[in-house]
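K.L.:
Show me the folded form of this:
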Amino acid sequence: MIKIYSVNWCGPCNKLKKYLDIKGLNYEVITVADNKEDRDEVLKISGQRSVPVMTIDDKVIVGFNKMEIDSALKELK
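P.N.:
Predicted coordinates:
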């Protein structure tokens, strides 16, 4: 299961979603801009309030780091 915590105006968030789209992967997007509970969840899982935050199963990735994302995706498959 892949989840992305993001906001619509975030460049790295949009880049991450486009990267996963190109790879043909399904993911859930949680837009945190309007929901305090979702922002609190980002803080809980990542220790910070910045986005994007991505979870791939139990792996948490902060920001857009292709190497880290690809490594986690290999473990997913």
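K.L.:
mind checking how far Lys3 is from Lys18?
P.N.:
17 Å (CB to CB, to the nearest Å). Every C-beta, even on glycine, is put in place using the N, C-alpha and C of the backbone.
K.L.:
More neighbours: these two, which one.
P.N.:
Lys3 (17 against 11; other CB atoms under 10 Å).
K.L.:
any idea which element the more buried one lies in?
P.N.:
strand 2-6 (DSSP states H and E).
K.L.:
other SSEs contacting that strand?
P.N.:
Applying 3 or more CB pairs under 8 Å, 6 or more residues apart in numbering; DSSP states H and E, we find strand 2-6 packed against helix 11-22, strand 28-31, helix 36-46, strand 53-56.
K.L.:
Can you read off the pLDDT for the residue most central in space within the chain?
P.N.:
By CA atoms, centre = their mean, the chain has its centre lying nearest to Met54, at 2.3 Å. If you check Met54, the pLDDT there is 96.
K.L.:
If you drop the residues flanking it in sequence, what lies closest to it?
P.N.:
In this structure, Met54 finds its nearest non-sequential neighbour in Ile61, 4.5 Å apart by CB to CB, 6 or more residues apart in numbering.
K.L.:
So that neighbour belongs to a helix, correct?
P.N.:
No - secondary structure of Ile61 (DSSP: H, G, I helix; E, B strand; the rest coil): strand, not part of a helix.
K.L.:
That one is in contact with Ile45, isn't it?
P.N.:
No - with contact defined as CB atoms under 8 Å, Ile61 does not reach Ile45; the gap is 10.5 Å.
K.L.:
No further questions, thank you.
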